[in-house]
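J.: Starting from these lines, generate the structure:
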Amino acid sequence: MNRTGTRRWWALGALMLAVLAVGLDGTVLSVALPTLATALHATETDLQWFSSGYLLVLAAAMLPAGLLGDRYGRKTVMLGSLALFGAGSAACALSPSAGAFIAARVVLGLAGAGIIVMALSALTVLFSEEERPRAVGIWGAANFLALPIGPIFGGWLLTHAWWGWVFLINVPVALVGLVAGLALVPQSRSPERPGLDLAGMVSATAGLVAVTYGLIRAGGSGWTDPGTVAAIVAGVAVLVAFFLWERRLGGLPGGQPLIDLALFRSASFTWGVLLTGIAALAMTGVLFTLPQYFQAVLGTDAMGSGLRLLPLIGGMVAGVIPAASVARLVGAKITVAVGFAVLAAATLVGATTTAGSSLAFIAAWTAVFGVGMGLVFATAASAALAEVSEERSGVGAAVMQALQKVGGPLGAAVLGSALASAYQARLDLAGLPPEAASAIRSSVFGGLAVGRELRSAALVDSVRAAFVHGMDVALMVSAGIAVAGIVLAMVFLPARAAARAQGSEAATERPRAASA
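T.: Numbering: from 1, shown residues only. Below is the predicted model of the structure:
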């Protein structure tokens, strides 16, 4: 694969369009849920499955998508996934019922898995180890760029046009990504076509679905709910069986397991993957709480929330740009640890937010948080990808993405529990009817609705103050997660990946590492 010239950067742009299409779908859905409840006569259970059904299929399809890309061609799988994504988005817009909409979301989950995994795996093929941190950082920025863009444009469309347009806007984005990918992204596949490990695919899919479902359920029903516990325990058991099967298959003559477990002997791969997951977990504290703060406490709409998230994205871009140079100077270990330190400091400052905090204060600490995220994500992901051969880059990227997609519901469940318990502990519900008290405990938005219905300014202020307290506690938990990231990076992540990115040593070191 030729890694010279500017064509590969144009190819990266095509890949980012594809990733942006997937990201827009998730953020647009969150804005559109209230409208969909009315337009499709959807129940609360339907609304939950609009999001959960997509997440379950997305997590389940990651590893199979990686294998198919390695076997049949990564460009082929990505382009097919983009076409399917455009069709699924149109089906969402034209759905006549909640059931049809859920079916369209399942199609989007399948397509999204192929796009996300193939885009990341292509970076291993397109870029050298020296360039990869910047490429991975741009890839990460495209993932997070949808966070403000989705609410901004989605909110505007919901205000001025038919609700179906919030999904139809994904169609031209997917089409442009399809054309650009066809013209610019080179075809690549494993020289030796990997086998179809059907038992591995089934067990990995079942385990990931069960764990993800359990974590989604924990966010609504709590960690002690029998269904939550059963799903998580069953999922973990199936995943353990999956890894035992993979180890057995790998030891058989001619055995071709879905995942080459030798990858996990590399500290750079293992801890690079885990640390990107930990960074995403810490970021959940910000992404889970701030939109609620903007809308419930400051009184903005979804579009206003998107605008107020722009400093975070700008900070992330600012962190990505120097990540490769910093890693070359001080090594991946120190760069990731410094990034986590910036994350921890920013979230600790954010945990001092009050109902009267200025927008400048919030913009400042979220921008600093973005800088730390850019440093961590670009460097840790590059350290992991440095250990993945081009031949199995699809499955290697799928492992990383599967962990991150499970980490999203995990972060929402953990930090949501911290926020909810702190919020409820600060509420003063004495003298209120049981129905009203239950609505207030359920969420800050329920509390505001009750306060306005009772025309009690004091109750509204109390609910907002309780929520801000809960948000601050959740941000402190995020800071604790970032501190854990510092320790784990310093203890386990080798600086070797950064050393191999320097000059010609990269070309000789990697084959020796692979043979070892």
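J.: Correct me if wrong: Arg217 contacts Ala231.
T.: Yes. Between Arg217 and Ala231 there is a contact under CB atoms under 8 Å: 6.4 Å. C-betas here are computed from N, CA, C, even on glycine.
J.: Identify each buried residue in stretch 289-307, please.
T.: The neighbour-count criterion (16 or more other CB atoms under 10 Å) identifies 289-297, 300, 302-306 as the buried residues of stretch 289-307.
J.: Likewise for stretch 75-95?
T.: Those would be 75-82, 84-93, 95, for stretch 75-95 by 16+ other CB under 10 Å.
J.: can you check stretch 318-336 too?
T.: Neighbour count says stretch 318-336 has 319-324, 326-328, 331-336 buried, by 16+ other CB under 10 Å.
J.: Equivalent analysis for stretch 280-287, please.
T.: Ala280, Leu281, Ala282, Met283, Thr284, Gly285, Val286, Leu287.
J.: what's the answer for stretch 477-491, then?
T.: Quick answer for stretch 477-491 (16+ other CB under 10 Å): Val477, Ser478, Ala479, Ile481, Ala482, Val483, Ala484, Gly485, Ile486, Leu488, Ala489.
J.: CA atoms only: put that stretch into CSV for me.
T.: Extracted in CSV, the C-alpha atoms of stretch 477-491 (Å, rounded to 0.1, in the frame of the first residue of the first chain):
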residue,chain,number,x,y,z
VAL,A,477,-17.0,10.3,39.2
SER,A,478,-15.8,11.0,35.7
ALA,A,479,-12.7,12.7,37.2
GLY,A,480,-12.1,9.5,39.2
ILE,A,481,-12.3,7.5,36.1
ALA,A,482,-9.7,9.8,34.4
VAL,A,483,-7.4,9.4,37.5
ALA,A,484,-7.6,5.7,37.1
GLY,A,485,-6.6,6.2,33.4
ILE,A,486,-3.5,8.1,34.5
VAL,A,487,-2.5,5.2,36.8
LEU,A,488,-3.2,2.5,34.3
ALA,A,489,-1.3,4.3,31.5
MET,A,490,1.8,4.8,33.7
VAL,A,491,1.8,1.2,34.9
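J.: which residues touch it?
T.: 271, 274-275, 278-279, 281-286, 333, 336-337, 340-341, 343-344, 347-348, 351, 372, 376, 380, 414-415, 418 (CB atoms under 8 Å, 6 or more residues apart in numbering).
J.: So which of those belong to helices?
T.: Members of those lying in helices (criterion: DSSP state H): 271, 274-275, 278-279, 281-286, 333, 336-337, 340-341, 343-344, 347-348, 372, 376, 380, 414-415, 418.
J.: same question for stretch 469-481, mean pLDDT?
T.: Regarding stretch 469-481, the rounded mean pLDDT is 94.
J.: which residues in the stretch 351-500 of the chain form helices?
T.: Under the criterion DSSP state H, counting those that start in this stretch, the stretch 351-500 of the chain carries helices at the ranges 359-385, 393-426, 434-442, 444-453, 457-492, 496-500.
J.: so where is the stretch 401-516 of the chain shaky, pLDDT-wise?
T.: Applying pLDDT under 70 to the stretch 401-516 of the chain flags the ranges 496-516.
J.: before we move on, what about the chain?
T.: Regions of the chain meeting the criterion pLDDT under 70 cover residues 1-5, 44-45, 48, 191, 193-195, 219-220, 390-392, 496-516.
J.: in it, what residue sits furthest out from the centroid?
T.: Gly431 (42.4 Å; CA atoms, centre = their mean).
J.: mind checking how far it is from Ser221?
T.: Look at Gly431 and Ser221: by CB to CB, to the nearest Å, they are 29 Å apart.
J.: again, but for Val491
T.: 36 Å.
J.: And for Ala437?
T.: Noted for Ala437: a distance of 19 Å to Ser221, by CB to CB.
J.: All the strands of the stretch 1-150 of the chain, in order from the start?
T.: Read by DSSP state E, counting those that start in this stretch, the stretch 1-150 of the chain holds no strands at all.
J.: With adjacent residues omitted, what lies nearest to Leu275?
T.: Of all residues not flanking Leu275 in the chain, Ala380 sits nearest, at 4.2 Å (CB to CB, 6 or more residues apart in numbering).
J.: no, scratch that, I was asking about Gly86
T.: Nearest residue to Gly86 in three dimensions, chain neighbours excluded: Ala174, at 3.8 Å (CB to CB, 6+ apart).
J.: contact partners of the host helix or strand of that neighbour?
T.: Ala174 belongs to helix 170-184 when assigned by DSSP states H and E. Helix 170-184 is touched from outside by 7, 10-11, 13-15, 17-18, 20-21, 24-25, 28, 75, 78-79, 82-83, 85-86, 89-90, with contacts defined as CB under 8 Å, 6+ apart.
J.: if we can go back for a sec, list the contacts of the residue nearest to Leu275.
T.: With contact taken as CB under 8 Å, 6+ apart, Ala380 is in contact with Trp271, Gly272, Val273, Leu275, Thr276, Ala279, Ala332, Val336, Ala489, Leu493.
J.: Could you measure from it over to Gln187?
T.: 28 Å.
J.: and what of Ala18?
T.: 15 Å.
J.: same thing with Val395?
T.: In terms of CB to CB, Val395 sits 18 Å off from Gln187.
J.: Could you do Glu453 as well?
T.: 60 Å.
J.: now swap in Ala437 and tell me
T.: Distance, Ala437 to Gln187, using CB to CB: 61 Å.
J.: Give me the more crowded residue out of these two.
T.: Legend: neighbour count by other CB atoms under 10 Å for Ala437 and Gln187, higher for Ala437 (16 against 10).
J.: List the residues that contact the nearest residue to that one once chain neighbours are set aside.
T.: Distances taken as CB to CB, 6+ apart put Leu429 closest to Ala437, at 4.3 Å, once the chain neighbours are dropped. The contact partners of Leu429, by CB under 8 Å, 6+ apart, come to Ala436, Ala437, Ile440, Arg441.
J.: Next: Leu307.
T.: Under the criterion of CB under 8 Å, 6+ apart, the neighbours of Leu307 are Pro148, Ile152.
J.: For the helix or strand harbouring it, list the C-alpha coordinates in CSV.
T.: Element membership of Leu307 [criterion: DSSP H and E] is helix 302-308. What follows is helix 302-308, C-alpha atoms only, in CSV (Å, rounded to 0.1, in the frame of the first residue of the first chain):
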residue,chain,number,x,y,z
ALA,A,302,-31.8,21.0,21.7
MET,A,303,-30.3,23.4,19.1
GLY,A,304,-29.0,25.6,21.9
SER,A,305,-27.4,22.6,23.6
GLY,A,306,-25.6,21.7,20.4
LEU,A,307,-24.2,25.1,20.0
ARG,A,308,-22.9,25.0,23.6
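J.: returning to that earlier point: now the two most distant members of the buried residues of stretch 318-336.
T.: Ile321 and Lys333 (20.3 Å; CB to CB).
J.: how much space between the residue lying closest to Arg426 once chain neighbours are set aside and Ala422?
T.: Spatial nearest neighbour of Arg426, chain neighbours left out: Ala466 (3.8 Å); criterion: CB to CB, 6+ apart. Applying CB to CB, the value for Ala466 to Ala422 is 8 Å.
J.: With Gly356 instead?
T.: Gly356 is 19 Å from Ala422, by CB to CB.
J.: out of the two, which sits in the busier spot?
T.: Ranked by neighbour count (other CB under 10 Å), Gly356 and Ala422 place Ala422 first, with 20 against 8.
J.: quick one: contacts for the more buried one?
T.: By CB under 8 Å, 6+ apart, the contact set of Ala422 is His469, Gly470, Asp472, Val473, Ala474.
J.: any idea how far the last one is from Val371?
T.: The span separating Ala474 from Val371 equals 21 Å under the rule CB to CB.
J.: again, but for the second one
T.: Counting by CB to CB, the separation of Gly470 from Val371 is 26 Å.
J.: How about Gln295, nearest residue that isn't a chain neighbour?
T.: That would be Ser305: by CB to CB, 6+ apart, it lies 5.9 Å from Gln295.
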